[in-house]
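Chemist: sequence first, predicted model second:
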Amino acid sequence: MPIEFTHVPGKTHAADAGSAVPFFYDFVETATKLSLIEDSGFQRIVVDDPAGLLTNMDIAARALDRTSSLEVVLTHWAGVIAPAVAARQLAALDARSGGRLSLRMLSEPLDDDDAETRPVGHTVVWQRIDEYLVLLKRLWSNDRPFDHEGAFYSIKGGYVPRKGPHGVDVTIRMGGQSGTALRVAGRHADVFELAPGSLDEIRQLMERARSAAAEHGRAGKLRFALPVRIRAEGAASTAGHKAVELSGPPAQIALSLLPYAALGISEFMIVGIDRPREIASIGREAIALLRNSLARREAEVPQPGAFASRAGSDIHAAR
């Protein structure tokens, strides 16, 4: 099974000061880093700027223009802009990218205006996401205008004339652990972003997500991504962050990822490497070591229980 890697930008330190700034703060510098990320073995980059959705769309467009193969994962929220407007803008981005756009749907509380007309709660938030995604997909696929009157959205003559190259098949990424979140993800998600936990906890969440997808005949279509924070050796643990934490030399990091790959995880979302030296080291060493090890294993006849016992020797041989 091929393993893919996604770069998740954080904050970096400005050259003229010690203050931390968002990854996309200086786009001239960012463009250089994007080229390095693209050349170092990563398949995609997440756009999730604290300024919000409209800024994310602008950053995504610029990132797509500055790269040739990286998939841009646009972080998105339901309710910020109307579905028909979002569908047109996202279709235009997808066309601009040549099909290199994917949509990462996060949950957020309803805004104050919504709170005045209906109770705000976890279930309501996910119901709105569900309706929003249904409408996006319909707008990306319909060949004639349609009307819609739902619990959260009303559309008259909804139609997107210039659909993106993916059409309705834009990759949707979601996560969550509650039954409500899993039901919505099971219906819509192509990639399920896992929550941190022990190997057994992650395995159980994968099973729950597959079961939710199976209710819609999609169990075999769901892929799994695991956030992984790379921590500098000697640095304090960032326990509050939502990612599995690893540290050490590239070979050790690659070795630590093998058991997660054995669970069926096909993508690692790498957090915490925003400086060029870190990007190059992880991309050209740890990623290469892990891929080489897995490629050798797939070429061999699998033996029961052999994965764990040979993991160390695989990494040693790949160095």
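Modeler: On my side now, so go ahead. Numbers count the residues shown, from 1 in each chain.

Chemist: all strands of the stretch 151-300 of the chain, in order?
Modeler: For the stretch 151-300 of the chain, the strands identified by DSSP state E, counting those that start in this stretch occupy 154-158, 171-175, 191-193, 223-231, 244-247, 267-271, in order along the chain.

Chemist: can you redo these as JSON lines with distance to Asp49?
Modeler: In short, each C-beta sits where N, CA and C put it, glycine included. Output for the strands of the stretch 151-300 of the chain, formatted as JSON lines (distance: least, CB to CB, whole Å):
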{"stretch": "strand 154-158", "distance to Asp49": "28"}
{"stretch": "strand 171-175", "distance to Asp49": "17"}
{"stretch": "strand 191-193", "distance to Asp49": "18"}
{"stretch": "strand 223-231", "distance to Asp49": "18"}
{"stretch": "strand 244-247", "distance to Asp49": "24"}
{"stretch": "strand 267-271", "distance to Asp49": "15"}
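
Chemist: out of those strands, nearest to Val85?
Modeler: Judged by CB to CB, the one of the strands of the stretch 151-300 of the chain that comes nearest to Val85 is strand 154-158, at 10.6 Å.

Chemist: so where's the stretch 51-200 of the chain uncertain?
Modeler: Residue ranges of the stretch 51-200 of the chain with pLDDT under 70: 108-120.

Chemist: just the helices in it please.
Modeler: For the stretch 51-200 of the chain, applying DSSP state H, counting those that start in this stretch gives helices covering 53-66, 83-97, 112-117, 122-141, 179-188, 199-214.

Chemist: how much does the fifth one deviate in direction from strand 171-175?
Modeler: Between the direction of helix 179-188 and that of strand 171-175, the angle (axes from the mean of the first three to the mean of the last three CA atoms, to 10 degrees) works out to 170 degrees.

Chemist: tell me the helices and strands packed up against helix 179-188.
Modeler: In terms of contact count using 3 or more CB pairs under 8 Å, 6 or more residues apart in numbering; DSSP states H and E, helix 179-188 is assigned the packing partners helix 122-141, strand 171-175, helix 199-214.

Chemist: just name the most buried of those.
Modeler: Mean neighbour counts were compared across the helices and strands packed on helix 179-188 using mean count of other CB atoms under 10 Å; the top stretch is strand 171-175, at a mean of 22.

Chemist: for Thr6, find the nearest of the strands of the stretch 151-300 of the chain.
Modeler: Of all the strands of the stretch 151-300 of the chain, it is strand 267-271 that lies closest to Thr6, at 4.5 Å by CB to CB.

Chemist: can you list the strands that that closest one pairs with?
Modeler: Sheet pairing of strand 267-271 (DSSP bridges) gives strand 4-8 (parallel), strand 223-231 (parallel).

Chemist: which ones are touching Asp39?
Modeler: For Asp39, the residues meeting the contact criterion (CB atoms under 8 Å, 6 or more residues apart in numbering) are Gly283.

Chemist: sorry, back to before: would you reformat the helices and strands packed on helix 179-188 as JSON lines and include distance to His188?
Modeler: Below are the helices and strands packed on helix 179-188 laid out as JSON lines (distance: least, CB to CB, whole Å):
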{"stretch": "helix 122-141", "distance to His188": "5"}
{"stretch": "strand 171-175", "distance to His188": "5"}
{"stretch": "helix 199-214", "distance to His188": "9"}
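
Chemist: so for Phe24, which of the ones you listed sits nearest?
Modeler: Distances from Phe24 to each of the helices and strands packed on helix 179-188 were compared using CB to CB; the minimum, 19.1 Å, belongs to strand 171-175.

Chemist: who are the packing partners of the closest one?
Modeler: In terms of contacts (3+ CB pairs under 8 Å, 6+ apart), strand 171-175 is packed against strand 101-106, helix 179-188, strand 191-193.

Chemist: buried deepest among these, which one?
Modeler: Note that of the helices and strands packed on strand 171-175, strand 191-193 is the most buried (mean count of other CB under 10 Å), with a mean of 25.

Chemist: hmm, who's touching that one?
Modeler: If you take CB under 8 Å, 6+ apart as the criterion, strand 191-193 is touched by 102, 104, 171-175, 185, 206, 209, 222-227, 267, 269.

Chemist: also stretch 66-77?
Modeler: 6, 31, 34-35, 37-38, 42-48, 53, 56-57, 60, 63-64, 86, 90, 93, 97, 100-108, 171, 173.

Chemist: stretch 48-64 now?
Modeler: Residues from elsewhere that reach stretch 48-64 (CB under 8 Å, 6+ apart): 8-9, 22, 24, 27, 30, 34, 45, 47, 70, 72, 74-77, 80-81, 89, 93, 96-97, 100-101, 104.

Chemist: quick revisit: next, format the helices of the stretch 51-200 of the chain as CSV and append distance to Ala254.
Modeler: CSV is the format used below for these (distance: least, CB to CB, whole Å):
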stretch, distance to Ala254
helix 53-66, 27
helix 83-97, 30
helix 112-117, 46
helix 122-141, 35
helix 179-188, 29
helix 199-214, 17
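
Chemist: how about the ones you listed, which one is nearest Glu278?
Modeler: Across the helices of the stretch 51-200 of the chain, closest to Glu278 is helix 53-66 (CB to CB), at 19.0 Å.

Chemist: if anything else comes up later, I'll come back, but that's it for now.
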